[in-house]
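Q: I would like the atomic coordinates for the input below:
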Amino acid sequence: MENKIQETLSSVISDKEYQELLFNHGAAYRSIKNAIQGQCYKHRTEPFTLASGRLSHHYFDLRKMNYHPSYSFLVGQMINNLINTYVRKVYPDKDVPHLYVAGTGLGAAPMVFSVCAYKTSPNEGGHGYFLNPVMVREAAKTHGTGGNLVHGIDSGLEDETFSPEDRLIFVVEDVITTGKSATTVIEALQGYGRIAALISILDREEEGRENLKAAYPAMDIYSFYKKTDFAIGGEA
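A: Sure thing, here's the model as predicted:
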């Protein structure tokens, strides 16, 4: 890993532990990085207009990678392992609450389901657990039963016999720019459970990560890569 790993904004997993975790996924980490550099990143003199409305000479479209079965598998594996590390540290020898992986939009959808394809390994107390996928609609559905949350059978997300303390939620995002998409998910799930962490593939280093941490100080934030790992030239 040629570039310095971006520091975590975490109270649970230290920077050293995080770097070791990525090192253990060295082949996957390099494969994903090469795919981003070769297929998902563009640079041009005329700036792109980003989804946030900002202008930038750098454009990342990670959907191209996330919708490829092999790369989606690698991304899911890395995020699942990070969640597993987090949960084993917080709940080393006791029952684990209901766990959820949530996102919004086309960028996060394949990530949510690739992460949830794995059952995480048991902790020291022998307690294994599943990850339940949740998708948050950007606008609430106005037909049928309405609402803005989509989740599976027996997920327990809206089961009133559980309290919010019984649920732990991990938010996933392909790219962090301003943090608007992540905020949509976090706000939609307020009151359903504790938002444990936001995990992104790429941080564009435009203060979105820092703004999210300031808004939600109890939430850990992890990004596998940053814009300067790929960016050509010194332009924004």
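Q: Next one: the residue nearest to residue 193 when sequence neighbours are not counted from residue 46, what distance?
A: Nearest non-adjacent residue to residue 193, counting by CB to CB, 6 or more residues apart in numbering: residue 167, 2.8 Å away. Backbone N, C-alpha and C define where each C-beta goes, glycine included. Separation of residue 167 from residue 46 (CB to CB, to the nearest Å): 46 Å.
Q: So between these two, which is more surrounded?
A: Neighbours were counted for residue 167 and for residue 46 using other CB atoms under 10 Å; residue 167 has more, 22 against 6.
Q: which residues does the more buried one contact?
A: Residues near residue 167 by CB atoms under 8 Å, 6 or more residues apart in numbering: 97, 98, 99, 100, 156, 157, 192, 193, 194.
Q: now do residue 197
A: Applying CB under 8 Å, 6+ apart to residue 197 gives the contacts 10, 12, 83, 86, 170, 171, 219, 220, 221, 222.
Q: swap the cut-off to 7 Å and go again
A: Taking CB atoms under 7 Å, 6 or more residues apart in numbering, we find residue 197 in contact with 86, 170, 219, 220, 221, 222.
Q: Now name the helix or strand holding residue 42.
A: According to DSSP states H and E, residue 42 maps onto strand 41-49.
Q: Now do the helix or strand that that strand is followed by against strand 41-49, angle only.
A: The first helix or strand that comes after strand 41-49 along the chain, using DSSP H and E, is strand 55-60. Here strand 55-60 runs at an angle of 150 degrees relative to strand 41-49 (axes from the mean of the first three to the mean of the last three CA atoms, to 10 degrees).
Q: by contact count, what packs against the strand holding residue 42?
A: With contacts taken as 3 or more CB pairs under 7 Å, 6 or more residues apart in numbering; DSSP states H and E, strand 41-49 sits against strand 55-60.
Q: How about the strand it packs on, which residues are buried there?
A: For strand 55-60, a neighbour-count test (16 or more other CB atoms under 10 Å) marks 56, 57, 58, 60 as buried.
Q: Stretch 83-94 now?
A: Neighbour-count burial for stretch 83-94, counted by 16+ other CB under 10 Å, picks out 83, 84, 85, 86, 87, 88, 91.
Q: What helix or strand is the residue nearest the centre of the chain located in?
A: The chain has residue 172 as the residue nearest its centroid, 2.2 Å off, counting by CA atoms, centre = their mean. Using DSSP H and E, residue 172 sits within strand 167-176.
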